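1. My questions concern the predicted model and sequence given below.
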Amino acid sequence: MERNFLWRLLIVLAVAVVSILYVIPSVTPTLPDFWKKVLPSDRVHLGLDLRGGMHLVLEVQTEKAVESSLERNADELRYGLRKAGIPATDIAKTEANTIELTLPKVQDLDRLNDLLNKEFSELATKSATETEGRMKVVLVYKETAAKQIREMAARQALETIRNRIDQFGVTEPDIRPQGEDRIVVQLPGIQDTDRAVRLIGQTALLEFKPVDEEHSVEKALTDGPPPGDEILDQIETDPQSRRTKKTPFLIKKQLMMTGEYITDARVAIDNQYNTAYVSLSFDAKGARLFERITEANVKNRLAIILDGVVKSAPVIQEKIGGGKASITGTFTQDQARDLAIVLRAGALSAPVKVLEERTVGPSMGQDSINQGMQSIILAGVLIVLFMAFYYRVSGLIADLVLVLNILIMMAALAAFKATLTLPGIAGIILTIGMAVDANVLIFERIREETRLGKSPRAAVDAGFGKAFWTIFDANLTTLFAAIVLYQFGTGPIRGFAVTLSIGIVASMFTAIFVARLIFDYLLVRFKVSKISI
């Protein structure tokens, strides 16, 4: 018996000590350095409704991803036809999301179909019309291929936004999909909402294209750009006057390189001019490609374009090896840092649109915290008084294990890095009631056994033994409901489900295991002849 009692006591002490270690960071403003190195330092994180912050609903424009993919396929098809020796003209993507081309020879249609089957299986022939001995062919994406592109765009947007926010430094962001093409983002503690929206929504498509220096920009502005060219602006902001200046560039549409090869992007300072710029590092393939591009364009200008805006257009003085490049401009520190984040986290394959933006002020959050804590304290005091009054010493035992129950719950929230929300506080209050409910079942059973004339030891054994399965079944069904709420619910509902689930497990441990240990200690150590219940 003593050996059995000893290991149960050690388990309870271990749980209590570990819980205290996890709770201390949440109640102590500062921790010593040794604590952060050796002991748990995670705090209980407050949700958006308690701490304040941003709530965004984003829509991933997946059709744009289909359009971009079709554009790339048109370029690849042009190269594939040339490689296969199939003459074709007027190969272009149309605004109706199709690829149109003309075959000068009707008999080449079979060769085109063979090429599509071998190398472009995602494309299907929508129509093939013979006109004046020429064959006009219209190609579209197969429905399965288009659906896959949309799904991939939504998944990639979710991961890219998550990576950007992680590097932005938000504690406990809540990012989750909603439906097929929507993403819900909650950012507790965010103050600069405009900057966060810019960071999340920026497509971050980085392109390297040559500057057309053979034609006049002024003439292109009046008469339109020459074939194969486009006009893009470089937008610079004066840091003192905050005025913006637009400089038009005549850019060749020839895409030489994209940002897909970037492995790292860092903010650096130009010591000569004391300005910030972004330093880029490429992977092995990107380094070789960039070296070839710079070697072939010495003394020419190379435009570095982000989301259709020219960031810089330096003159290439010599071949650049080593996989390094830089983006210069009139950046502030925050602008350079945000640019580095989006480049490092990757580009969005489809743009995102903000459908809903809501900001929760920190004062409202503090009021919620204060009211929530008052409700927890009031509920706790009422339950403690009732149990002590109605069940006497046994009620005091229930109050003691209730304190341990709350301690375990808060420690679990910190250990699992869960977020405490206002519905989560409601879950804690509900769990407090459920925790003593188990003790009430046990105590009532002990009372019945005592009335039957059983000894205190036998009454306690029967009370805990006979009430166990009733308590277990009730808590298990509630736990199943909490799991379903967490799996299929949204933010507030999931916050309630988290605290409810943790509370159920903790209350089972304290009401049955810990309370039984205290009763056994009193009965064995002090050999009481009557139970105060």
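-> It's in.

2. doesn't A414 make contact with V44?
-> Yes. The criterion here is Cβ atoms under 8 Å, and V44 meets it with A414 at 5.0 Å. Where you see a C-beta, it was placed from the backbone N, CA and C, and this is true even at glycine.

3. Give me the common contacts of these two.
-> Jointly contacting V44 and A414 under the rule Cβ atoms under 8 Å, 6 or more residues apart in numbering are S26.

4. Checking my notes, E95 in a strand, right?
-> No. Looking at E95 with DSSP: H, G, I helix; E, B strand; the rest coil, it is coil, so not inside a strand.

5. Domains in the protein, by residue range?
-> Following automatic domain parsing, one gets these domains for the chain: 2-52+361-525, 63-145, 202-359.

6. remind me which residues of the stretch 51-200 of the chain are low pLDDT?
-> Low-confidence segments of the stretch 51-200 of the chain (pLDDT under 70): 167, 169-172, 191.

7. And the helices in it?
-> Assigned by DSSP state H, counting those that start in this stretch, the helices in the stretch 51-200 of the chain fall at 62-84, 108-119, 143-168, 193-201.

8. Ok, which of these comes nearest V360?
-> helix 193-201 (10.7 Å; Cβ to Cβ).

9. Point out the other helices and strands that that closest one packs with.
-> strand 53-60, helix 143-168, helix 333-345, strand 352-360 (3 or more Cβ pairs under 8 Å, 6 or more residues apart in numbering; DSSP states H and E).

10. Tell me the gap between whichever helix or strand comes after the last one and the middle of its chain.
-> This means strand 352-360. Of the helices and strands lying after strand 352-360 in sequence (DSSP states H and E), the nearest is helix 362-415. Computed by Cα atoms, centre = their mean, to the nearest Å, the chain-centroid distance of helix 362-415 equals 32 Å.

11. again with stretch 310-323
-> Computed by Cα atoms, centre = their mean, the chain-centroid distance of stretch 310-323 equals 35 Å.

12. can you tell me the distance between the two ends of that stretch?
-> Using Cα to Cα, to the nearest Å, the gap from the first to the last residue of stretch 310-323 comes to 21 Å.

13. Please list the residues outside it that contact it.
-> For stretch 310-323, contacts defined as Cβ under 8 Å, 6+ apart pick out 211, 232-234, 247, 249, 251, 281-284, 286-287, 290-291, 294-295, 297-305, 327-329.

14. Report the buried members of those.
-> Those of the contacts of stretch 310-323 that meet the buried threshold are 211, 232, 234, 249, 251, 281-282, 286-287, 290-291, 294, 297, 301-305, 327-329, by 16 or more other Cβ atoms under 10 Å.

15. circling back to that earlier point, which of the helices of the stretch 51-200 of the chain sits closest to S532?
-> Nearest to S532 among these is helix 143-168; the distance by Cβ to Cβ comes to 55.0 Å.

16. Report the buried residues of the closest one.
-> Residues 145-146, 149-150, 153-154, 156-158, 160-162, 164-165, 167-168 are the ones in helix 143-168 that count as buried (16+ other Cβ under 10 Å).

17. Sort out which one of these lies nearest R82 for me.
-> Nearest to R82 among those: A145, at 23.2 Å, using Cβ to Cβ.

18. Now do the same contact list for the nearest residue to the closest one once chain neighbours are set aside.
-> Spatial nearest neighbour of A145, excluding adjacent residues (Cβ to Cβ, 6 or more residues apart in numbering): E122 at 3.7 Å. The contact partners of E122, by Cβ under 8 Å, 6+ apart, come to 73, 141-142, 145.

19. most neighbours, which of the residues you listed?
-> Within these, Y141 tops the neighbour count with 21 neighbours, counted by other Cβ atoms under 10 Å.

20. K245 looks like it's in a helix, true?
-> No. Assigned with three-state DSSP, K245 falls outside any helix and is strand.

21. separation between it and V217?
-> Using Cβ to Cβ, to the nearest Å, K245 is found at 15 Å from V217.

22. Tell me, what's the model's pLDDT at the nearest residue to M373 once chain neighbours are set aside?
-> Taking Cβ to Cβ, 6+ apart, and ignoring the residues beside it in sequence, M373 has I425 as its nearest neighbour in space, at 8.0 Å. On pLDDT, I425 comes in at 81.

23. I425: helix or strand, and which one exactly?
-> I425 is part of helix 422-451 when elements are defined by DSSP H and E.

24. Next SSE downstream of that helix?
-> helix 456-488.

25. Run through the neighbouring helices and strands of that next one.
-> helix 422-451, helix 491-508, helix 515-525.

26. which one of those is the most hemmed in?
-> helix 491-508 (a mean of 22; mean count of other Cβ atoms under 10 Å).

27. And that one, what does it pack against?
-> Using 3+ Cβ pairs under 8 Å, 6+ apart: helix 491-508 touches helix 362-415, strand 419-420, helix 422-451, helix 456-488.

28. how does it look with 6 Å?
-> helix 362-415, helix 422-451, helix 456-488 (3 or more Cβ pairs under 6 Å, 6 or more residues apart in numbering; DSSP states H and E).

29. What angle do helix 456-488 and the second one make with each other?
-> When you say that, I think you mean helix 422-451. 160 degrees (axes from the mean of the first three to the mean of the last three Cα atoms, to 10 degrees).

30. tell me the angle of helix 422-451 relative to helix 491-508?
-> Orientation of helix 422-451 against helix 491-508 (the same axes, to 10 degrees) gives an angle of 30 degrees.

31. what does the first one give?
-> Relative orientation of helix 362-415 with respect to helix 491-508: 40 degrees, computed using the same axes, to 10 degrees.

32. and the angle from helix 362-415 to strand 53-60?
-> Counting by the same axes, to 10 degrees, helix 362-415 lies at 80 degrees to strand 53-60.

33. helices and strands around helix 362-415, which ones?
-> Using 3+ Cβ pairs under 6 Å, 6+ apart: helix 362-415 touches helix 2-27, helix 48-51, helix 422-451, helix 491-508, helix 515-525.

34. Is the closest residue to I183 other than its chain neighbours bridged to anything, and to what?
-> Closest residue to I183 apart from its sequence neighbours, by Cβ to Cβ, 6+ apart: L58 at 4.5 Å. Taking DSSP bridges as the rule, L58 bridges to I183, V354.

35. So L58 is in contact with P351, correct?
-> No. Between L58 and P351 there is no contact, the gap being 10.0 Å when judged by Cβ atoms under 6 Å.

36. If you count surrounding residues, which of these two has more?
-> Taking neighbours as other Cβ under 10 Å, L58 and P351 compare with L58 leading, 25 against 20.

37. ok, N117 to L523 distance?
-> N117 is 83 Å from L523, by Cβ to Cβ.
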